[in-house]
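>>> I would like the atomic coordinates for the input below:
(chains A and B, ligands or ions: 5)
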Amino acid sequence: FTKRKLDAQTLEELEDVLVQADLGVAAAMRITENIGEGRFDKEIAPEEVKRILAEEVEKALAPVAKPLTIDTAHKPFVILMVGVNGAGKTTTIGKLASKFAADGKSVMLAAGDTFRAAAIEQLKIWGERTGAPVLAREQGADAAGLAYDALNQARTDGHDVLLMDTAGRLQNKTALMAELEKIIRVMRKIDESAPHAVLLVLDATVGQNALSQVEIFGKAAGVTGLVMTKLDGTARGGILVALADRFGLPVHYIGVGEGVDDLEPFAARDFAQAIAGIAEERI
Amino acid sequence: MFEGLSERLSGILGGLTRRGKLSDQDVQNALREVRRALLEADVALEVVRSFTDRVRERAVGAEVVKSVTPGQMVVKIVNDALVEMLGAEAETINLNATPPVPILMVGLQGSGKTTTTAKIARRLKERDKKRVLMASLDTRRPAAMEQLAVLGGQVEVDTLPIVTGQSAPQIARRAMEAGRLGGYDVVMLDTAGRVTVDEALMDEAAEVARTVDAHEVLLVADALTGQDAVNTARAFDERMGLTGIVLTRMDGDSRGGAALSMRAVTGKPIKLIGTGEKVDALEEFHPSRVANRILGM
Ligand SMILES: Nc1nc2c(ncn2[C@@H]2O[C@H](COP(=O)(O)OP(=O)(O)OP(=O)(O)O)[C@@H](O)[C@H]2O)c(=O)[nH]1
Ligand SMILES: Nc1nc2c(ncn2[C@@H]2O[C@H](COP(=O)(O)OP(=O)(O)OP(=O)(O)O)[C@@H](O)[C@H]2O)c(=O)[nH]1
Ligand SMILES: [K+]
Ligand SMILES: [Mg+2]
Ligand SMILES: [Mg+2]
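Ligands and ions are numbered 1, 2, ... in the order given. Alright, predicted model coming up:
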């Protein structure tokens, strides 16, 4: 509990804490500068350091903490899930379907990952768990064709929400990114405002590569918001701060487990507290 | 966003055209850039620290030879130290044990375990002419067992018949038994993904490793991983004694600093890398290529 000076060394240690939470050097430096502002060389208690750190991180994240709203003017409201391999797209679809169903919405799922082994079976199990019908074709079928059929079907059946799964893809693969663009083009033949939300799913363990993911998926698919999964592990997902600084895209949800209920609204304060929690141990 | 370290250093040390020794101050300035470059490449901070200490020791007082600039000189020292730390000698899967040789695949959720299991099985079958049996111990993820079965079909490697209701250690024992009875050379055990703070699941994997006396315990990790790489690698190594690491998604555009982080904190070799979704996208690990990639050169 001893007080110490908020000197250059303490600030450097704080910057290190932020770097270790994956904020990246630039965002960590920016936040640390804010912390030092007006407090430099003053005596400060450790709890106070932690509080200020959390406050600064929260300040960066608060503007992007926005819920996902389903505009009922669109029927169905089409949500396209995109992201790199294994990030948690399919699982998040299952969780979202359950949430929307609990809100009284009728939900349909589309098995747009026609590439990966048993991706279709995986989504079908989520369909069973959440009571949502799943439109699927055989493995290897054209994903854009499936998207077209799914939107038609969801319209005909009068569903409120269509959740469209896609195969995982790394953003530097141009052919796969073009396929994503095609999926969107094809859906627009039926509803030119579709998809109404494009959610990029990020794994909390991801490092600086998330900047490139958001940039390139953003350009190709018009990402409208982010979901960060696997925050139940040891990774703190601090790259969201760098992403907020650079892109300002809304962060809607976080995944905190593999169960159907393990999805929470993104709360800037809690997230910032978790990052600042590391500071207390170190400083 | 990221310029090669070489360019950055020539900017900083460019003024040093004189010949002679690298001074403490020269090295200090250069290492600040090295540190930043490594952090931007996602090398974990603690590993960056021990790495820059090592480079400092070598660089201070080093004679700058006539044919290179001080910047090039530092880059060479950095590069050599990186290659060394990544493991200069290539190591691959070790099958030196009584068959069937059990290989256990572990890692976080979604890192690429199931896909890599099939890739390695295919490699052992085609290159080493081994008879391989694959078994999924993943009783949790929806359709995990079906996924391995489909991949088994694609690579023409047998998979253990699915029996529902068995625990992971039970399936592991059944797989080894089937491996013995069926005259297989290798039994590959794919496991469910787990976060390292899940004590029960970490215990379960450790129990499986003990039960089958796993000859290889391979951590399958994502090349896109950031600072958490050290926590993950350390936790798995402490709990189930890793023998090696497979880094997946090396076909992405990440700098792949996780390779250095994981290698440095566990001392365990990176045995193979995954370079695509397809079952043949598995390659040997080349430390010098990865060193260049980390340095953005
Ligand atoms: N611990 C944890 N695991 C998660 C979370 N979200 C997803 N997972 C797990 O991560 C793994 C990958 O999830 P998927 O939903 O299949 O990921 P995906 O992005 O659809 O993967 P591909 O379709 O192969 O690209 C699975 O084992 C999920 O159970 C989460 O919030 N926490
Ligand atoms: N681009 C690329 N994708 C890969 C690579 N290895 C695996 N994948 C993809 O990553 C995703 C997850 O792979 P899985 O093999 O299901 O991962 P896992 O670790 O078994 O996942 P869980 O069992 O859910 O923990 C799939 O979409 C794979 O196709 C790789 O080297 N490169
Ligand atoms: K991952
Ligand atoms: Mg999926
Ligand atoms: Mg798996």
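
>>> Would you tell me which residues of the stretch 1-150 of chain A are close to ligand 2?
Selection of the stretch 1-150 of chain A residues close to ligand 2 by C-beta under 6 Å from any ligand atom yields A:85-86, A:116. For the C-beta atoms, the positions are set from N, CA and C on the backbone; glycine is no exception.

>>> swap in the stretch 1-150 of chain B?
B:107, B:109-115, B:138, B:141, B:144.

>>> For chain A, state which of these is nearest.
residue B:110 (3.0 Å; C-beta to the nearest C-beta).

>>> ranges for the helices of the stretch 101-250 of chain A?
For the stretch 101-250 of chain A, applying DSSP state H, counting those that start in this stretch gives helices covering A:119-130, A:143-157, A:174-188, A:209-221, A:239-246.

>>> So for the second one, mean pLDDT?
Read that as helix A:143-157. Taken as a whole, helix A:143-157 has a mean pLDDT of 98.

>>> May I have that helix exported as CSV, CA atoms only?
Provided in CSV are the C-alpha atoms of helix A:143-157 (Å, rounded to 0.1, in the frame of the first residue of the first chain):
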residue,chain,number,x,y,z
ALA,A,143,-21.7,-20.8,-50.5
ALA,A,144,-23.2,-17.9,-52.5
GLY,A,145,-25.9,-20.1,-53.9
LEU,A,146,-26.8,-21.3,-50.5
ALA,A,147,-27.0,-17.7,-49.2
TYR,A,148,-29.4,-16.8,-52.0
ASP,A,149,-31.6,-19.8,-51.2
ALA,A,150,-31.5,-19.1,-47.4
LEU,A,151,-32.6,-15.5,-47.8
ASN,A,152,-35.5,-16.5,-50.1
GLN,A,153,-36.5,-19.3,-47.7
ALA,A,154,-36.3,-17.0,-44.6
ARG,A,155,-38.5,-14.5,-46.4
THR,A,156,-41.1,-17.1,-47.5
ASP,A,157,-41.2,-18.5,-44.0
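
>>> what's near enough to touch whatever residue of the stretch 151-297 of chain B ends up closest to chain A?
Nearest residue of the stretch 151-297 of chain B to chain A (C-beta to the nearest C-beta) works out as residue B:226 at 2.4 Å. Going by C-beta atoms under 8 Å, 6 or more residues apart in numbering or on different chains, residue B:226 touches A:22, A:205-209, A:235, A:239, B:42, B:258.

>>> mind checking how far it is from ligand 1?
Distance, residue B:226 to ligand 1, by C-beta to the nearest ligand atom, to the nearest Å: 16 Å.

>>> Name the nearest residue to that residue, ignoring sequence neighbours.
Counting by C-beta to C-beta, 6 or more residues apart in numbering or on different chains, the nearest residue to residue B:226 once its immediate chain neighbours are dropped is residue A:207, at 2.4 Å.

>>> again, but for residue B:162
residue B:145 (4.9 Å).

>>> isn't the one you found right up against residue B:160?
No: if you go by C-beta atoms under 8 Å, residue B:145 and residue B:160 don't touch, sitting 9.1 Å apart.

>>> what sits in contact with each of those two?
residue B:136.

>>> Can you narrow the residues of the stretch 1-150 of chain B next to ligand 2 down to the ones near ligand 3?
residue B:110 (C-beta under 5 Å from the ion).

>>> May I have the host helix or strand of residue B:202 exported as PDB, CA atoms only?
Using DSSP states H and E, residue B:202 sits within helix B:199-212. Taking Å, rounded to 0.1, in the frame of the first residue of the first chain, the C-alpha atoms of helix B:199-212 are listed here in PDB:
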ATOM      1  CA  GLU B 199      -8.600 -26.900 -14.100                       C
ATOM      2  CA  ALA B 200     -10.800 -29.900 -14.700                       C
ATOM      3  CA  LEU B 201     -10.100 -30.000 -18.400                       C
ATOM      4  CA  MET B 202      -6.400 -29.400 -17.900                       C
ATOM      5  CA  ASP B 203      -6.400 -32.300 -15.400                       C
ATOM      6  CA  GLU B 204      -8.300 -34.500 -17.900                       C
ATOM      7  CA  ALA B 205      -5.700 -33.900 -20.700                       C
ATOM      8  CA  ALA B 206      -2.800 -34.600 -18.200                       C
ATOM      9  CA  GLU B 207      -4.500 -37.800 -17.200                       C
ATOM     10  CA  VAL B 208      -4.800 -38.900 -20.800                       C
ATOM     11  CA  ALA B 209      -1.100 -38.100 -21.400                       C
ATOM     12  CA  ARG B 210      -0.200 -40.300 -18.400                       C
ATOM     13  CA  THR B 211      -2.700 -43.100 -19.200                       C
ATOM     14  CA  VAL B 212      -1.400 -43.700 -22.700                       C
END
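
>>> Return the residues in contact with whichever residue of the stretch 151-297 of chain B sits closest to ligand 4.
Closest residue of the stretch 151-297 of chain B to ligand 4, C-beta to the ion: residue B:277 (11.5 Å). By C-beta under 8 Å, 6+ apart, the residues touching residue B:277 are A:85, A:115-116, A:168, B:115.

>>> For it, which three-state class applies?
Three-state assignment for residue B:277 (DSSP: H, G, I helix; E, B strand; the rest coil): coil.

>>> Looking at the backbone only, give me phi and psi for it.
Per-residue torsions, residue B:277: phi -80, psi -30 (degrees, to the nearest 10).

>>> and residue B:218, how many residues sit next to it?
26 (other C-beta atoms under 10 Å in any protein chain shown).

>>> for residue A:38, that is, sorry about that
Using other C-beta under 10 Å: residue A:38 sits among 7 other residues.

>>> how close does it get to residue A:59?
According to C-beta to C-beta, to the nearest Å, residue A:38 stands 15 Å off from residue A:59.

>>> now residue A:198
Distance from residue A:198 to residue A:59, by C-beta to C-beta: 27 Å.

>>> So for these two, which sits in the more crowded spot?
Remark: of residue A:198 and residue A:59, residue A:198 carries more neighbours, 22 against 15, as counted by other C-beta under 10 Å.

>>> distance of whichever residue of the stretch 1-150 of chain A sits closest to ligand 3 from residue A:192?
The nearest approach of the stretch 1-150 of chain A to ligand 3 comes at residue A:86, 4.8 Å away (C-beta to the ion). For residue A:86, the distance to residue A:192 equals 32 Å [C-beta to C-beta].

>>> quick one: residue B:134 is in a helix?
No: per three-state DSSP, residue B:134 lies outside any helix segment and is strand.

>>> Is it correct that it is in contact with residue B:117?
Yes: contact criterion C-beta under 8 Å: residue B:134 and residue B:117 qualify, at 5.9 Å.

>>> So which of those two has more stuff around it?
Shown here are residue B:134 and residue B:117; by other C-beta under 10 Å, residue B:117 has more neighbours (31 against 27).

>>> got the contact list for the residue lying closest to that one once chain neighbours are set aside?
Spatial nearest neighbour of residue B:117, excluding adjacent residues (C-beta to C-beta, 6+ apart): residue B:190 at 4.2 Å. For residue B:190, the contacting residues are B:105, B:113-114, B:117, B:134-138, B:144, B:148, by C-beta under 8 Å, 6+ apart.

>>> How about residue B:117?
Here residue B:117 is in contact with B:105, B:134, B:148, B:151, B:188, B:190 (C-beta under 8 Å, 6+ apart).
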